[in-house]
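J.: Structure here, sequence nowhere to be found:
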């Protein structure tokens, strides 16, 4: 090639015919522009993808974090003996006859008294109007405390009561004065009162452990609902998945990778596994409904059924990753074991399997994470549509009694009409994602730490 | 004896067997390990396996078979004029079971003596059982009560025979394996044979799952088509189930919704995913790739319920703000947050990493020599990609898109939350429509009775869904595999 800086002999500068390599002709410029455009399309595509990710995470964090705080009203409540224990002998069974309706007036009086003590003017004539500030659960909360310790009757005890969900929403800017105009439950006077109470320290937001560890609540009491029981349901399901899918998946992979002869049967199994991995999850739900509930008559909504369905769903994932990590163990390991007299089975179980274990565990954790977030099959086996209100007592109960699961609980909340439940649903997603993140980070650490390059 | 106690006894026996077998092998060899054929542990395992495996296999079979056998025998006791069809019979049978369970409970609590449970009359049974907390709906007829008492008796004998048989099998296995244990016995070969059998069994579970799926779909679908004509199901234009009867269950509106939503999802995911894949594999520096690829794949790891909620609560209202009444661009196309557009858009986001990582793999599989040849002829990089790499990778990319389409068709949570519930045949992407998967959920959630066409239709929908996604998957995998072989 000639030196680009020297013009060619007999050429006129400025035009294509000049042949100068320094100056681009129109066509080259066009081609270069197309090149640059194409590259920018790629960058834009990745940018859009990442933008979606950021938008999603932003929506989750912004809408979900309020669920972790809750407004509480701290007031002294006088436990009036005349109302709670008429006979006065502190007999627990007799006192249990007083229902929560009997306790509700205590809350009203206590609220009115607390307002008067702090010098806040009470704009309501009826005490019942005042009660709307407090959650419906307040009466049963007091009742539980009293029944647990009857000696408290007659004393004045400081209680930390849940504020009603609309009051809570107002404190979190979810409920505005405009949106209240159409709301029969609360009016502007209530909100003025809430402002005053917050000023005097009667009413404050604090971290809400009950959301993380509590049980679900009825449709009208979003302020009381928590995801703890559903978390237990998910936990028991994951136990089933772990103790079934891991051994079965590993055994199946060992057979297919190490022992299986090339035959029709093996081919069939392989095709089957790759297809099962792509079957829509809802179909597994139908399978669970027809086989485990209709045919085997296992209890509906039980975590064991959910666990079985999710096991079948995660098996292909675990088998595929286990086979990959078995394949990664070099043949020389097997040859050496066979060479010193081990049987085929011994070479696999004593040498290949331990070396493949980190990879298998990584795959299993990722499979579990997938199972933990799966919702659709759980809808079909009945893990939604009821209030998961009790922690299972004991181990067998945990597997067999109806429960919800974290994603199913989130779905359940998303379906309820009250916007206060939407906040809980987002909050539930934060907890779910934290679990998934932890599991994936553990998987990554395992892989980094134990991955061996042969 | 309950099944779990039997299992515990068998396991305990097996644990004893391990040590006894091991000790006997060592004893016959005079304490010299070298004289044994296998390592001593194998003799122990041999006894253990022979004790546990046959006994537990029989136990499992027994647990499945006994209720079916007893049910059949008891069914014949119910006079034929007591029920009109098989549905009524199954109702009676569930009554029988409830009465029998109630009697068991009453005896266990000591309210009724064991002898009295055999002779109690149909008149006072209701009150007596109500006393232990078993509520019986209707009056108990003579034949039902007799059947229940017979059911109880057969169950009791069955359970007793079961305990004896299982324990005998375990003991026999134990004894046989123990007797065979000796220095010359090839314990390792025997143990390995059984382990191989277990491995094969585990591998066959995949087949069993598929068989289970197909059977559970097929039987219920046939049941559905007995109640509802197949031609109206496949070609009907209206979907309006009503549990009171007289429902129209045409699948076409659901198909249209599924197809429309998947189309929008693919229109979002394919260009973005494909350009991202091209950029990542052809242009990006290793550093950018190491950051951007895992970040994009985070989108694939997020559970679908999250996308569903995102569609329902964020994207839906946002779209209404733009396209709805008083919206940003002043058109009144959209009336509610749930719409085809909402679900399609969000599903597209979910599918981006799916398309991008599959295409990335496929583009990377195109041999470097082809790129070098094109670049050497003076083509720019984008020209190389457009005219050499992409055509070469096209079959694989088509396969990837088909896989993404099958994912979109089978996706449930996003459409359940984001697409609405009305089955409509409309062209407006801002209308609420519904899909096959969403209707499977709505027909099967709640306490549906499985005999009505309105519930059974879900199985027919599931069957259709299964066949379509399976076909797409097999076709796509075939294309991808064929393409890979081309360059290997």
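T.: Right, received. Where do you want to start? Note that the coordinates shown come from a computational prediction; the quantities given were computed from them, not determined experimentally.

J.: can we go C-alpha only for contacts and neighbour counts from here?
T.: Fine.

J.: and residue A:74, helix, strand or coil?
T.: Taking DSSP: H, G, I helix; E, B strand; the rest coil as the rule, one finds residue A:74 in the strand state.

J.: got the contact list for it?
T.: Shown here is residue A:74, whose contacts under the criterion CA atoms under 8 Å, 6 or more residues apart in numbering or on different chains are A:158-161, A:202-203.

J.: of all those, which two lie farthest apart?
T.: Within the contacts of residue A:74, two members stand farthest from each other by CA to CA: A:158 and A:203, at 13.3 Å.

J.: Neighbour count for those two, which is higher?
T.: A side-by-side neighbour count of residue A:158 and residue A:203, using other CA atoms under 10 Å in any protein chain shown, places residue A:203 first with 24 against 11.

J.: give me every residue that touches the more buried one.
T.: Each residue near residue A:203 by CA under 8 Å, 6+ apart is listed here: A:71-74, A:194, A:197.

J.: residues in the stretch 101-250 of chain A within reach of chain B, list them.
T.: When proximity is defined by CA under 8 Å from any CA of the partner chain, the stretch 101-250 of chain A lies next to chain B at A:248-249.

J.: Closest approach to chain B from the stretch 101-250 of chain A, which residue is it?
T.: When distances are taken as CA to the nearest CA, the stretch 101-250 of chain A approaches chain B most closely through residue A:248, which lies 5.3 Å from it.

J.: can you count the residues close to that residue?
T.: Neighbour count for residue A:248, taken as other CA under 10 Å: 24.

J.: these two touch, right, it and residue B:200?
T.: No: with the criterion set as CA atoms under 8 Å, residue A:248 and residue B:200 do not qualify as a contacting pair; they are 10.2 Å apart.

J.: Next one, pLDDT for residue B:443 please.
T.: Note on residue B:443: pLDDT of 85.

J.: and what of residue B:87?
T.: As predicted, residue B:87 sits at a pLDDT of 58.

J.: same deal with the one 10 residues further on?
T.: With respect to pLDDT, residue B:97 has a value of 77.

J.: Who are the contact partners of it?
T.: Here residue B:97 is in contact with B:148, B:151 (CA under 8 Å, 6+ apart).

J.: Secondary structure element holding it?
T.: Per DSSP states H and E: residue B:97 is located in helix B:86-109.

J.: Contacts only, for residue B:324.
T.: Residues touching residue B:324, when contacts are defined by CA under 8 Å, 6+ apart, comprise B:330-336.

J.: Mind doing that once more with 6 Å?
T.: Neighbouring residues of residue B:324 by CA atoms under 6 Å, 6 or more residues apart in numbering or on different chains: B:332-335.

J.: mean confidence score for the helix or strand hosting residue B:467?
T.: Counting by DSSP H and E, the element that carries residue B:467 is helix B:453-486. Averaged over helix B:453-486, pLDDT sits at 85.

J.: Packing partners of that helix?
T.: With contacts defined as 3 or more CA pairs under 6 Å, 6 or more residues apart in numbering or on different chains; DSSP states H and E, helix B:453-486 has these neighbours: helix B:187-227, helix B:390-410, helix B:436-444.

J.: tally of neighbours for residue 379?
T.: No chain in the question, so chain A it is. If we define neighbours as other CA under 10 Å, then residue A:379 has 26 of them.

J.: switch to chain B, that's the one I care about
T.: Quick note: residue B:379 (other CA under 10 Å) scores 16 neighbours.
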